[in-house]
Each structure stands twice: as C-alpha cells, then as structure tokens.
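Participant: kindly generate the corresponding structure for this input.
(2 chains)
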Amino acid sequence: MNRALILGGALSALMVIAALLSFVWTPFDHGAMNIPDKLQTPNSTHWFGTDHFGRDMLSMIMVGARTSIAVACVAVGIGIGLGVPLGLWAAARQGGWVDEVIMRGNDLIFAFPSLVIAILITAVFGAGAINAIIAIGIFNIPVFARVTRGGALPLWAREFILAARVAGKGAARISIEHILPNIANLLIVQATIQFSLGILAEAALSYVGLGAQPPTPSWGRMLADAQTLVSIAPHMALVPGMAIILTVLGLNLLGDGLRDALDPKLRVARI
Amino acid sequence: MLRYTLKRLLSLFISLAIASLLIFAVIEVAPGDPASFMLGINAQEDTLAALRVELGIDQPKWQRYLSWVGGMVQGDFGTSYQYRTPVAEMIADRLWVSLPLALYALTLSTIIAFPAGIYAASRRGKAGDVGVMGATQVGIAIPNFWFAMMLVLIFAINLRWFSAGGFAGWDKGVFAAMKSLTLPAIALALPQAAILARVMRSSLLDVLDEDFMRTARAKGLSRGAALRRHGLRNAMIPVLTILGLQFSFLLAGGIIIEQVFYLPGLGRLIFQSISARDLIVVESVTMLLVFAVITVNFLVDLAYAAVDPRLRART
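Facilitator: Residues are numbered from 1 along each chain as shown, chains lettered A, B, ... in the order given. Just a heads-up that it's a prediction; the model follows:
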C-alpha cells in the first residue's frame, strides 16, 4: 500500500476537518482576548497555549486553516480556470501562432520573481486576502497551461482522437470530451502541489502584513505576532509553524502518492 | 549557436520590454498622489503643483515611461521622492547586502544539496535514500521565514553565537559582515537545498540507467569512478538550470528574510518605499529584480545550449 498517500491524505484531511469544524465549534472564541491568561504554554485548558492577548491558539489555528484553504483553493482555481483552457487551446493548435503566443506568454510569467510581483500587487492595490489570492493565482496560470499542453500533445496523435475527428468533432469539443478526461490525473496531482505552494505563499504574504488583515486569523500573521515574543513564548511561533509545515508536507505527500497511485509513469512539473 | 543566441536575445528584450510596461502600469494605477502624500493634507494647491513639476509627475504617462526606461538603460534610476537622492545610489548600497546574501545562500545550498543528492542516488531504494528524501520533503514544507525565526531563537537568543538581526557593515571587516549574514543565508538556503538535492538525485538516477554507465563499469571502472567520471558530468545539466533559477529566487526570496533579520537590503528598501509611497524606488527596484531574474535565466539557457548542442536544434 502507498504510504505517502495514506500519510499525506491523513494530514490533509486533518487540516480540512479542523477548518470545517471551526465553522461550528472551536474550543474558545478565536478573537476573545483574555489578558490574565496571556502567553500560556500548552496545557490542559489551552491545548496549544495562548498568545500575547490571551487568545486560544488552537482556536486561532483552526480558523486560520479556513483562510489558508480559501486563499489556496481560489488561487488554484484561477490557475485551472485560465491555465487549462489555454493549455488545451495551445495543444489543439500545436505549432501555430496561438501555441507560440500562449507558450511565450507563459515563459514571461515564469520569468518574473513571483514573490516580488505578489508584493507589488498587494502593496499597490492594498493588502488583503483578495489581492493575495489574485497575486498567487496569476502565477498558477502558466503552470497549469504548461502541464495541460504537455499532457494533451501526445494524446492528439492517438487513434481515438483521430476517430473523433473523423466523426466530425471540432477541436474544442475533442479537447473537452476526450483530451480533458485523459489528463485529469495529471491536473489533480499538479493541483495538490500548487495548493501547498499557495499555502506557503499566503503565509509569507500575511507574515509581511500584505495578506489577510485583522481580525481574520491567518497562520502567517500569527507568526508575525510571534516574532518579537519568540524569546519569551516560543510556542507562539512553533504552533503556527508546525501547522504550516504539516499541512504543506501532507499535501506534497498526497501529490506524490496520488501520482504513484494514478499512473506510475506520470511526470509532473515541480517548481 | 549564433542564430540561437540572437533568437534568445530577441526574446530577452521582448520580455524586458513587456515586464517594464507591466510594472509601470501597475505603479501608475496605484492610488494616492505622491506629492500630496509628501506634503500632507494641508498643502496649498500651488505648492503641490510645483512639487509635481519637480518630481516630473505632471508629464504625460508615455513620456514618463520613456524617460524612466531610457534613464535605466543609462544607469539613471530616477530620484527618490522621499530622500531626494538618486535611486541608483540607494540600490547600489543595498545590493552590497542582498547580492552577497544570495551568493552565500546559493553556496550553502549547493554544499548541502550535492552530497545529499549524490548519496541518495547511490543508495537508491535503501534506507539512506529514503532518509534523505524524507528530509527533503520536510525541507520543502518549511517556510523559510519561520525557519529563520527558529534559527534566531536557538543560535542568537539561547546560544548567543550570532546577533539576532541587523548588519555589521563591510567596513567592520569581511568576517563580521559575513557573520551577520550567516543565519539569514542558512534560512534562505535550506528549502532551496531540499529542492536541489531532489533534482540532483533524480537527474543522477536517470543517468545511472544509461548504457554508457554500464559500459564504464564493464571496462573496469569502480562504481565511484564511473559515477564521478561519467555520471556526474551528464547529470549536471538539469542541475545547473535549477541552480540558475535558484539564484534569482534567492535574490528575490531574500525580501522576506531581510524583514526577519532587519537587514538593510533591497527587500527592506522595497517595503520602506511602499509605506512611504516612494513609488519611483519601488518601480526601479522591482524592475531591477525582474531584470536580474530574466537575465540569469537567459544566461543559463545559453550556457545550457553551449554544453548540449541538441538543445540548439530544438528551439
């Protein structure tokens, strides 16, 4: 049995469950300040301890998981929504000017230092979750376009596609009805990897104050809060840090596991 | 080779032109008038107008774009709204922190990743391989700014081996300066080393399956000698590409790490300028970083094509 798949799936499921559960229940109100109980290390009442305002860290982690998932989900959605059609189009017009323009555009976006541009976008259009999503999402477009095109090109040479063309189907219909289902595996695996990168990017942007704004809890901002207090309350940095690491690790393992389970020959671009 | 170089050079210029247009456009739509930001809300309209003329922001957009790009080509990055000093000088000062930091991190990343990747490949499927690959999975998952905080906690606060932040300055001697860059460089290098080790391993594994490796063994070379003389050299090509990408990533990725360690590099310059609405600085520093990234990628492509003639034919 595939150990990476099980471990990765379990870690990813844990995060999703924590996020979903936070809608109906958290141990404490995640925003409730309780100064007398501030900076407690993990104990039986506050499992993950409390921060400098006495807020329960476990509750903040659970609600913060929502922010991370939401940002990463929409960013991956932007990548799939725009990248996959572009990749399908490029593959259908292989060697033509459409293909050339799409792939050169891809190279251009790839060449940009994504973090710098994300900072530029959020700085100019205002810090916040929405702009962070857009900034992260833009860089997912070329990734999905490239993977889609790469997966679609060899399919276009296959007999069943030829049969579909003989049957009179147009390029767009063939792409949707025959190409897309055959590259779904590839896209699922890539989506897992981009999801984990999205979570890291969101944490980095929030950490420098350009992501989700207060009072929305976010793992990156919890780390920013912890920075000045790290010497007296290391758990404030350890807890959100471990949340990020375990989630990203889980998603990466899930991606590797899925790749092996779905198709051992599959190759996915990892950046 | 010449044809290939010219073709790549053309696409380099197109990329740079589009990049500069995009950056200019993003900065243009930024809300807020730098003049009123500098003079405050009580400023008189004629004072504002005078400052706008002085800053050159009263001119039409296309003219400002052309003079910005034209200036940069000649090494003139404009004048900071905030400090009234040439942006080129500010950037040059900061580069003395950011560039050594990126190079330092790249060196560390290579020193860690090469042996780790080679070791894992030579132990394919065995405990050593699984261990190294497991460690790289964790390394990739660690946010470098969090790792930086942990390094500060352990080596600066608890052990007191390093200072928790700030930059000694090169005038205090190379050793002091490098010492203050050590923790940031480690923090930057670790996740990159994890990626590089994985690339090194998979690239080496691909080569190990080649016929020429079997031939090398058959003619009597030991495993180690075959690996060194025939394996590594062929495996280096994909690794070099990643190395080039990593340099640009480290230069740009330093932005966040500089925040953690309060290093006066390009990253802090960007953040300070953003909060002061000193847009000309933001614009020029971003363009410089994009320029560095695109140019490094271009040089890597060229080096790649020089080493491997098959690539020239393909493009």
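
Participant: neighbours of the residue of the stretch 1-150 of chain A at minimum distance from chain B, how many?
Facilitator: Per CB to the nearest CB, residue A:113 is where the stretch 1-150 of chain A lies closest to chain B, at 3.4 Å. C-beta here means a position set from N, CA and C on the backbone, and glycine is covered the same way. Counted with other CB atoms under 10 Å in any protein chain shown, the neighbours of residue A:113 add up to 22.

Participant: quick one: the helices in the stretch 151-300 of chain B, in order.
Facilitator: Using DSSP state H, counting those that start in this stretch, the helices of the stretch 151-300 of chain B run over residues B:174-208, B:211-218, B:223-226, B:232-261, B:266-275, B:279-307.

Participant: run through chain B and note the low-pLDDT ranges.
Facilitator: By pLDDT under 70, the low-scoring segments of chain B are B:31-34, B:36, B:308-315.

Participant: residues near the residue in it positioned nearest to chain A, how many?
Facilitator: Taking CB to the nearest CB, chain A has its nearest neighbour within chain B at residue B:252, 3.4 Å off. The tally of other residues near residue B:252 (other CB under 10 Å) stands at 25.

Participant: check residue A:95 too.
Facilitator: Residues near residue A:95, counting by other CB under 10 Å, number 8.

Participant: tell me the SS of it?
Facilitator: coil (DSSP: H, G, I helix; E, B strand; the rest coil).

Participant: how much space between it and residue A:156?
Facilitator: 11 Å (CB to CB, to the nearest Å).

Participant: what comes into contact with stretch B:66-75?
Facilitator: With CB atoms under 8 Å, 6 or more residues apart in numbering or on different chains as the test, stretch B:66-75 has contacts from B:20, B:24, B:56, B:59, B:77-78, B:88, B:283-284, B:287.

Participant: of the residues you listed, closest to residue B:139?
Facilitator: Using CB to CB, residue B:287 comes nearest to residue B:139 of the contacts of stretch B:66-75, at 31.7 Å.

Participant: residue contacts, that closest one?
Facilitator: B:19-20, B:23, B:72.

Participant: same question, residue B:80
Facilitator: Applying CB under 8 Å, 6+ apart to residue B:80 gives the contacts B:86-87, B:90, B:273, B:278, B:280-281.

Participant: now do residue A:102
Facilitator: Residue A:102 is in contact with A:86-87, A:89-90, A:145, A:149, counting by CB under 8 Å, 6+ apart.

Participant: returning to that earlier point: output the contacts of residue B:80 in CSV; the columns should cover distance to chain A.
Facilitator: Formatted as CSV, the contacts of residue B:80 follow (distance: CB to the nearest CB, whole Å):
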residue, distance to chain A
B:86, 22
B:87, 16
B:90, 17
B:273, 9
B:278, 12
B:280, 13
B:281, 12
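
Participant: what subset of the residues you listed is buried?
Facilitator: Among these, the ones that count as buried by 16 or more other CB atoms under 10 Å in any protein chain shown are B:87, B:90, B:273, B:278, B:280-281.

Participant: give me the nearest residue to residue B:285, chain neighbours excluded.
Facilitator: residue B:270 (5.3 Å; CB to CB, 6 or more residues apart in numbering or on different chains).

Participant: can you tell me how far the one you found sits from residue A:84?
Facilitator: From residue B:270 to residue A:84 the distance is 33 Å (CB to CB).

Participant: and if you look at residue B:24?
Facilitator: On the measure of CB to CB, residue B:24 and residue A:84 end up 30 Å apart.

Participant: the two: who's more crowded?
Facilitator: residue A:84 (22 against 17).

Participant: residue B:277 reaches residue B:39, doesn't it?
Facilitator: No. Checked against CB atoms under 8 Å, the pair residue B:277 and residue B:39 is beyond contact range at 11.7 Å.

Participant: more neighbours, these two?
Facilitator: Neighbour count, other CB under 10 Å: between residue B:277 and residue B:39, residue B:277 has more, with 20 against 15.

Participant: tell me the phi and psi of the more buried one?
Facilitator: With angles defined as degrees, to the nearest 10, residue B:277 sits at phi 50, psi 30.

Participant: what's the closest non-adjacent residue to it?
Facilitator: Leaving aside its sequence neighbours, residue B:277 sits nearest to residue B:37 (CB to CB, 6+ apart; 4.4 Å).

Participant: up against chain B, what does chain A have?
Facilitator: Taking CB under 8 Å from any CB of the partner chain as the contact definition, chain A meets chain B at A:104, A:107-108, A:111-113, A:115-117, A:119-121, A:123-125, A:196, A:200, A:203-204, A:207-208, A:223, A:226-227, A:230-231, A:234, A:237, A:240-241, A:244-246, A:248-249, A:252-253.

Participant: quick check: the residue of chain B closest to chain A vs residue B:245, distance?
Facilitator: Distance from residue B:252 to residue B:245, by CB to CB: 11 Å.

Participant: same question, residue A:102
Facilitator: Distance check for residue A:102 against residue B:245: by CB to CB, it reads 21 Å.

Participant: show me the domain layout of chain B.
Facilitator: Domain assignment for chain B, taken from automatic domain parsing, gives B:2-73, B:93-279+B:288-314.

Participant: need the three-state assignment for residue A:27.
Facilitator: Recorded secondary structure, residue A:27: coil (three-state DSSP).

Participant: make sure it is actually in contact with residue A:58.
Facilitator: Yes. At 5.4 Å, residue A:27 counts as touching residue A:58 under the criterion of CB under 8 Å.

Participant: return every residue with contacts to both of those two.
Facilitator: Residues touching both residue A:27 and residue A:58 (CB under 8 Å, 6+ apart): A:46-47.

Participant: give me the neighbour count for residue B:222.
Facilitator: 10.

Participant: lowest average confidence across helices and strands of chain A, where is it?
Facilitator: helix A:114-125 (a mean of 77; mean pLDDT, DSSP states H and E).

Participant: and that helix, what does it pack against?
Facilitator: helix A:129-138, helix A:180-207, helix B:2-28, helix B:232-261, helix B:266-275, helix B:279-307 (3 or more CB pairs under 8 Å, 6 or more residues apart in numbering or on different chains; DSSP states H and E).
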